[in-house]
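J.: the amino acid sequence is not available; the structure is as follows:
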């Protein structure tokens, strides 16, 4: 029996955890339906830092808010706004309320928008309004659907240097990675990318190309069919 993981990172991780021989565990990158995904104009007046995932500490929302507050207090990126979207089930509402209070205490709640539980059309519009996306997940993210959704929207990604992010972001050149667990490094990486319009455009183009050529549902289906044909 052969097993398939969504990234090389996760294939290697599961091979070690489950004792699966390397030749019995491959990987096929997940794909998404690209219908409706259009490239962002990468707004810079004001620039918008985005987050789109479940609104919880595991996905690093509190770390991103720390980085946003740091960027605002240093004035590194003038006019910067924060857009937070994604799932917010009842059991995460207390955490989200706490994050809003932290922004309020810093005098920055007016620079942030929270958009929970969006439908697909609203999600597509959300991505089109971003300049950069960052979901600094603290756990071993196996894939990160939001990475591909950002790439499909031509939005560069800033992520920590662990789990699947080097494979999904750095190797594709769809954004930049930074030191895991460091708010200072996260803020600095976001700030430097936002201030470099040429690099932003290159990352946006590389991500969009990867989404079209690799991370779409048609390519994923083709890869599965090809893999299954080898089992005959």
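T.: Yep, it's here. Owing to the predicted nature of the structure, the values given are computational and were not obtained by experimental measurement.
J.: hey, let's count contacts and neighbours off CA atoms from now on
T.: OK.
J.: the residue nearest to residue 22 when sequence neighbours are not counted: neighbouring residues, count only.
T.: Spatial nearest neighbour of residue 22, chain neighbours left out: residue 15 (6.4 Å); criterion: Cα to Cα, 6 or more residues apart in numbering. When neighbours are counted by other Cα atoms under 10 Å, residue 15 registers 18.
J.: packing partners of the helix or strand harbouring residue 15?
T.: For residue 15, the host element (DSSP states H and E) is helix 8-18. Applying 3 or more Cα pairs under 8 Å, 6 or more residues apart in numbering; DSSP states H and E, one finds that helix 8-18 contacts strand 25-27.
J.: what's in contact with the strand it packs on?
T.: Outside strand 25-27, the residues that touch it by Cα atoms under 8 Å, 6 or more residues apart in numbering are 2, 3, 4, 5, 6, 7, 8, 11, 15.
J.: which of these are buried?
T.: 4, 5, 6, 7, 8, 11, 15 (16 or more other Cα atoms under 10 Å).
J.: tell me which two of those residues sit farthest apart.
T.: The span of those, defined through Cα to Cα, is set by 6 and 15 at 13.1 Å.
J.: returning to what we had before: report the contact partners of the residue nearest to residue 22.
T.: Here residue 15 is in contact with 21, 22, 25 (Cα under 8 Å, 6+ apart).
J.: from residue 158, how far off is it?
T.: 28 Å (Cα to Cα, to the nearest Å).
J.: for residue 87, same thing?
T.: 20 Å.
J.: quick one, longest helix in the chain?
T.: The helix spanning the most residues in the chain, taking DSSP state H as the definition, is helix 197-213.
J.: look up how far residue 19 lies from the residue most central in space within the chain.
T.: For the chain, residue 147 is the residue whose C-alpha lies nearest the centre (Cα atoms, centre = their mean; 3.7 Å). Taking Cα to Cα as the measure, residue 147 falls 29 Å from residue 19.
J.: so residue 161 touches residue 175, yeah?
T.: No - look at residue 161 against residue 175 with Cα atoms under 8 Å: they stay out of range, at 11.7 Å.
J.: quick check on these two: which one has the bigger neighbour count.
T.: Under the criterion of other Cα under 10 Å, the comparison of residue 161 against residue 175 puts residue 175 first, with 31 against 18.
J.: so which bits of stretch 66-86 are buried?
T.: Using 16+ other Cα under 10 Å as the burial criterion, the residues of stretch 66-86 that qualify are 66-72, 76-77, 80-86.
J.: cool, stretch 93-112 as well?
T.: Quick answer for stretch 93-112 (16+ other Cα under 10 Å): 95, 96, 99, 100, 102, 103, 108, 109, 112.
J.: just how off-centre is the one helix or strand the fourth one maps to within its chain?
T.: Per DSSP H and E: residue 100 is located in helix 93-105. Averaging C-alpha coordinates over helix 93-105 and over its chain gives two centres that are 21 Å apart (Cα atoms, centre = their mean, to the nearest Å).
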